[in-house]
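Asker: predicted model and sequence below, questions to follow.
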Amino acid sequence: MSIKDWMEKKVKNTIIRLERGDITEMSVDAIVNAANKKLQHGGGVAGAIVRKGGYIIQEESNKIGEIEVGEAVITTAGMLRAKHVIHAVGPQMGEGDEDDKLRNATLNGLRLADEYDLKSIAFPAISTGAFGYSKDKCAKIMIKAAVDYSKGETELRTIIFTLFDERTYSIFQKELNIALTILSSAHN
């Protein structure tokens, strides 16, 4: 990883970090899976998580069953470096109320991490693959949710956005800088 491939900023007691890389390789308490409502992990980030972590992740998801868009649930992480997988269901473009649903998926993932007393979590850019959600809007909503959440009472010490490609990383970097500029000017 080069200097250009990561950045971090502290908000209250939590570090918000951006990294380019593969979320399935993250050594954190939990990685977030961009899940579908039926928790069937066949393609995209979900498929990669099960391929690397093992079918136990799918078996545990099958026991949970279906959840609604915006909700999040937790399973073990099988053979992954992470200890848990938080499955957060993001919106599909065109289904309506996508921005609120993405905000809820992000916040519910963060709340679940706190509920399980986790200290570190890594998110992908939820819904920007097969679900067709705009990377620009995704970055704006997820970064704002993470910054706002970090300003409150949380035991999370590190929130990472693990972004697979340079374009997505750049978009998230721009939004993190904007969010922190707004936060900084609010305190001055």
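Answerer: Received it, and whenever you're ready, just let me know what you need.

Asker: contact partners of the strand or helix carrying Glu59?
Answerer: Glu59 is part of helix 56-64 when elements are defined by DSSP states H and E. Contact with helix 56-64 is made by 35, 39-41, 49-50, 73, 75-78, 85, 87, as judged by Cβ atoms under 8 Å, 6 or more residues apart in numbering. The way it works is simple: take the backbone N, C-alpha and C, and place the C-beta from them, glycine included.

Asker: among those residues, which ones are in helices?
Answerer: Secondary structure from DSSP state H places Ile49, Val50 of the contacts of helix 56-64 in helices.

Asker: and the contacts of helix 56-64, which are buried?
Answerer: Neighbour counting over the contacts of helix 56-64 (16 or more other Cβ atoms under 10 Å) leaves Ala35, Leu39, His41, Ile49, Val50, Val73, Thr75, Thr76, Ala77, Gly78, Val85, His87 as the buried ones.

Asker: I'd guessed the third one sits against Ala35; true?
Answerer: Okay, so that is His41. Yes - if you go by Cβ atoms under 8 Å, His41 and Ala35 touch, sitting 7.1 Å apart.

Asker: grab the nearest non-local neighbour of the spatially most central residue of the chain.
Answerer: Nearest to the mean C-alpha position of the chain, counting by Cα atoms, centre = their mean, stands Phe123 at 2.2 Å. Taking Cβ to Cβ, 6 or more residues apart in numbering, and ignoring the residues beside it in sequence, Phe123 has Val32 as its nearest neighbour in space, at 4.5 Å.

Asker: can you name the residues in contact with the worst-scoring helix or strand of the chain on mean pLDDT?
Answerer: When each helix and strand of the chain is scored by mean pLDDT, DSSP states H and E, helix 166-187 comes last, with a mean of 87. Residues outside helix 166-187 that contact it (Cβ under 8 Å, 6+ apart): 5, 7, 9, 11, 16, 18, 20, 125, 128, 135-136, 139-140, 142-144, 147, 151, 161, 163.

Asker: can you give me the offset of it from its chain's centre?
Answerer: Its chain's C-alpha centre and that of helix 166-187 lie 16 Å apart, by Cα atoms, centre = their mean, to the nearest Å.

Asker: stretch 180-188 now?
Answerer: Stretch 180-188 sits 24 Å away from the centroid of its parent chain (Cα atoms, centre = their mean).

Asker: from Tyr149, how far out is Ser185?
Answerer: 20 Å (Cβ to Cβ, to the nearest Å).

Asker: more neighbours: these two, which one.
Answerer: Using other Cβ atoms under 10 Å, the more surrounded residue of Ser185 and Tyr149 is Tyr149, with 23 against 8.

Asker: so for the helix or strand where the more buried one lies, mean pLDDT?
Answerer: Assigned by DSSP H and E, Tyr149 belongs to helix 135-151. Mean pLDDT, helix 135-151: 97.
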